[in-house]
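A.B. asks: this one's sequence-less:
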């Protein structure tokens, strides 16, 4: 290696936080990261939004998260500064997109239930009374979860030692499957105070659990995703209604307090912005352990006397909340959101055997090589991701469409340059129960209306009117957006393949994941796999991003 090349590599390493000092051993690094002395007399472990990822993965955090400039809307350097995390470190890699490829190759993959099981056992060795809570979105996100209707994940949850869970994507398997799955969960308890019958407003699921932990009576209240019938096909659970149900939640808090609970925790799938607002409008909650928006927030945000947290996604983190309860009050707390680095945690042997067994019938099919990527393929982002862009191109190519829409889903692992794109990787971006592709004709005015409606769901100033996803991804067209504007005035400058969009002209539009009951096209993974097999090599993808005007 020449001097110039050596200096260039040294500069790259320095930019990513490397140094010339000897690297610490994995055991030492694991000790520094995971040795967390117990505190207080109540301990809660929290995972959420695993999206059926049994194996370790890479997952790139967003580089843009538009909002009020406060957590959870901080990314990159701003997040590191707010939470005093040293740049270029292993922890900085877990929480940000910075130098992602370099850091991902250096620090390895995150998550994986065998590694998560090791960490849970380690934490419980010093906190034998700790409860493990799962915030939902655990049974969806992989081919094996789809093909087994979540049974592979239920087995993993039970072996991990989950005590309580709530839900979101789980409901998309349909009401009958959800009811049967809950029976399979035992002894795990499924909690959701905000799901009622449509006709008589009767409670569908157990709303809360009372548990004595270390001699302290505590209550865990479940809060499922409030907008499930809007975001997903209503016909899959026609007899259930959802919602935030703030008044009913307050009644439940008062009820468990009257029954002697000295600490009350909400296991929520609202999304963090909704939780922050909710915390200011109800009384008597000590903590909200939140999910849905996939925000890895290193420390709780205090709203009055309530601690609001969000524990990331894809098995990448586990939240540890230690409480000191004295009398009828939480007097103090300690919290850490621990990154789950597979390279620092040996796999738990029993969990690893289970994962191998449950995957064995599908391994050959999932391992099919579709293509090789030359660039980074990721999904998470307010407006687009490179894997989303790939799906859009597949839709336009295979369906001969002028425009393509792809949902702003936040789940799906990241692939590094040079990685083989296997069928399993494509399924991890598309594995849902309503994957049908559609081809329709929409006028320019209708396209604008669709974009305006989705933008309002994302950027409405009132968190209770947000659904917590990302903006629909678009192909074949460009537009400008003003997130702070009022509904109907956010979207402008629409162009189709460089030409101004005409309001009364009709365009051929391809999409997928329609919530309509009559959608009948081929599944998105068939479209994507056919496109990738033909492509063989995926050049570095440039995302199609809207122009921000406000």
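C.D. replies: Yes, it's here. On a predicted model such as this, the values are computed, not experimentally measured, just so you know.

A.B. asks: quick one: the helices in the stretch 301-450 of the chain?
C.D. replies: Counting by DSSP state H, counting those that start in this stretch, the stretch 301-450 of the chain has helices at residues 349-359, 363-366, 386-399, 423-430, 444-459.

A.B. asks: can you list the low-confidence ranges for this protein?
C.D. replies: Low-confidence segments of the chain (pLDDT under 70): 1-27.

A.B. asks: coming back round to it: using a markdown table, lay out the helices of the stretch 301-450 of the chain together with distance to residue 74.
C.D. replies: Quick note: C-beta positions are derived from backbone N, CA and C, even for glycine. Below are these laid out as a markdown table (distance: least, Cβ to Cβ, whole Å):
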| stretch | distance to residue 74 |
| --- | --- |
| helix 349-359 | 33 |
| helix 363-366 | 36 |
| helix 386-399 | 22 |
| helix 423-430 | 26 |
| helix 444-459 | 17 |
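
A.B. asks: mean neighbour count and distance to residue 233 for those helices - can I get that in JSON lines?
C.D. replies: Compiled in JSON lines, these are given as follows (neighbours: other Cβ atoms under 10 Å; distance: least, Cβ to Cβ, whole Å):
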{"stretch": "helix 349-359", "mean neighbour count": "16", "distance to residue 233": "27"}
{"stretch": "helix 363-366", "mean neighbour count": "12", "distance to residue 233": "26"}
{"stretch": "helix 386-399", "mean neighbour count": "23", "distance to residue 233": "20"}
{"stretch": "helix 423-430", "mean neighbour count": "24", "distance to residue 233": "16"}
{"stretch": "helix 444-459", "mean neighbour count": "18", "distance to residue 233": "17"}
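
A.B. asks: which one of those lies closest to residue 96?
C.D. replies: helix 386-399 (17.3 Å; Cβ to Cβ).

A.B. asks: that older thread, out of the helices of the stretch 301-450 of the chain, which gets nearest to residue 69?
C.D. replies: That would be helix 444-459 among the helices of the stretch 301-450 of the chain, by Cβ to Cβ, at 14.0 Å.

A.B. asks: what helices or strands is whichever helix or strand comes after the closest one leaning on?
C.D. replies: The helix or strand immediately downstream of helix 444-459 is strand 473-475, counting by DSSP states H and E. Under the contact definition 3 or more Cβ pairs under 8 Å, 6 or more residues apart in numbering; DSSP states H and E, strand 473-475 sits against helix 386-399, strand 403-406.

A.B. asks: ok, back up a step: closest to residue 59 out of the helices of the stretch 301-450 of the chain?
C.D. replies: Residue 59 sits nearest to helix 423-430 of all those, at 10.6 Å, using Cβ to Cβ.

A.B. asks: what's that closest one packed up against?
C.D. replies: Applying 3+ Cβ pairs under 8 Å, 6+ apart, we find helix 423-430 packed against helix 143-147, helix 363-366, strand 369-373, helix 386-399, helix 524-535.

A.B. asks: do I have it right that residue 230 meets residue 468?
C.D. replies: No - with contact defined as Cβ atoms under 8 Å, residue 230 does not reach residue 468; the gap is 11.3 Å.

A.B. asks: the two: who's more crowded?
C.D. replies: Each of residue 230 and residue 468 has its neighbours counted (other Cβ atoms under 10 Å); residue 468 has more, 24 against 12.

A.B. asks: surely that one and residue 295 touch.
C.D. replies: No - with contact defined as Cβ under 8 Å, residue 468 does not count as touching residue 295 (9.7 Å).

A.B. asks: picking up where we left off before, out of the helices of the stretch 301-450 of the chain, which is closest to residue 476?
C.D. replies: Closest to residue 476 of the helices of the stretch 301-450 of the chain is helix 386-399 (Cβ to Cβ; 5.7 Å).

A.B. asks: next one: the closest one to chain centre, how far?
C.D. replies: 22 Å (Cα atoms, centre = their mean, to the nearest Å).

A.B. asks: how about residues contacting it?
C.D. replies: Outside helix 386-399, the residues within contact range by Cβ atoms under 8 Å, 6 or more residues apart in numbering are 375-379, 381, 401-406, 412, 414-415, 429-430, 437, 439, 473-476, 510-512, 524, 527-528, 530-532, 538, 541-544.

A.B. asks: and those, which of them are buried?
C.D. replies: Buried by 16 or more other Cβ atoms under 10 Å: 375-379, 381, 401-406, 412, 414-415, 429-430, 437, 473-476, 510-512, 524, 527-528, 531-532, 538, 541, 544, out of the contacts of helix 386-399.

A.B. asks: all set now, cheers.
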